[in-house]
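J.: Build me a model:
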Amino acid sequence: MELYFLYIAIATITISSPGPGVILTISNSLRYGFTKAIFGIIGIALTMLFLAIISATSLSIILSTSAFAFIILKYIGAIYLIYLGIKLWNSNETFSENKEYKQKTNLNLFLESILITLLNPKPILFFTALFPQFINQNENYISQFIILSLIFSSLVIIIHFLYGIPASFARAKLTTPKISRIINKTSGSILMCFGIGLAVSNRQV
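T.: All right, here's what the predicted structure looks like:
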């Protein structure tokens, strides 16, 4: 049980660290409201669950041993993050509780969050490195793995809710064009920095 508390602590710190997923949740909450941002949060959580499962398959071995496979996936993810960052930077939209944002459906938000999470190879390597530390070899491996994966995905939802809800409430104070532009450019810059950081990072998790 103590190991699970330690695992939860490590996972919480990791998820809470501002990354592309967190920035996307905050941005979606500001732009569309928390209700619509939930679709993006679910996409991130489900993709993390998928990546946790993948980490127990041969793909984790491929990414851990093949520099070429890692580099290809890394650059695809980096390009996508930079693309999203540029779109936000150039956006002239204002945050308003009364404004209808029709350019993105719930499905668009869901798929966008999946792509941001899926195109980052580091979660797979993170799971591959983390899970063995909390697996008891004398107990059923599959059941332990499922528990660890579900805990991580549940924490993703909880923590992203804690980011998204306050951001959604802040919309009422962020309706001026000047503040909206600052947020768009700040969020866009952060996403572009994440993309560049991912592209130039080494293979360490």
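J.: Report pLDDT for Phe39.
T.: The per-residue pLDDT reported for Phe39 equals 96.
J.: for this structure, what spans make up the helices?
T.: For the chain, applying DSSP state H gives helices covering 2-16, 20-32, 34-54, 58-65, 67-89, 106-118, 122-130, 141-169, 177-200.
J.: Tell me which of these is the most buried.
T.: helix 20-32 (a mean of 24; mean count of other Cβ atoms under 10 Å). Backbone N, C-alpha and C define where each C-beta goes, glycine included.
J.: quick revisit: weakest of the helices of the chain by average pLDDT?
T.: Across these, helix 58-65 gives the lowest mean pLDDT, at a mean of 64.
J.: any idea how far Ala52 is from the residue of the chain most remote from its centre?
T.: No residue in the chain sits farther from the centre than Asn138, which is 33.2 Å out by Cα atoms, centre = their mean. Distance of Asn138 to Ala52, given as Cβ to Cβ, to the nearest Å: 22 Å.
J.: One more: Leu119?
T.: Leu119 is 16 Å from Ala52, by Cβ to Cβ.
J.: residue nearest the centroid of this structure?
T.: Central residue of the chain (Cα atoms, centre = their mean): Gly21, at 2.6 Å.
J.: OK, contacts around that residue?
T.: Counting by Cβ atoms under 8 Å, 6 or more residues apart in numbering, Gly21 touches 44, 113, 116-117, 156, 160.
J.: In TSV: those residues, plus distance to Pro132.
T.: Formatted as TSV, the contacts of Gly21 follow (distance: Cβ to Cβ, whole Å):
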residue	distance to Pro132
Ile44	24
Ser113	28
Ile116	27
Thr117	22
Val156	21
His160	26
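J.: Go through those residues and name the one nearest Ala9.
T.: Val156 (15.1 Å; Cβ to Cβ).
J.: and the gap between the closest one and Ala129?
T.: Plainly put, Val156 is 18 Å away from Ala129 if you go by Cβ to Cβ.
J.: repeat for Leu46
T.: With the distance defined as Cβ to Cβ, Leu46 ends up 22 Å from Ala129.
J.: for Ser154, same thing?
T.: 21 Å.
J.: can you check Leu148 too?
T.: Taken as Cβ to Cβ, the span from Leu148 to Ala129 is 13 Å.
J.: cool, Tyr83 as well?
T.: As for Tyr83, its distance to Ala129 is 29 Å (criterion: Cβ to Cβ).
J.: Could you do Ile41 as well?
T.: Distance from Ile41 to Ala129, by Cβ to Cβ: 25 Å.
J.: And Thr117, by the same measure?
T.: Per Cβ to Cβ, Thr117 is found 18 Å from Ala129.
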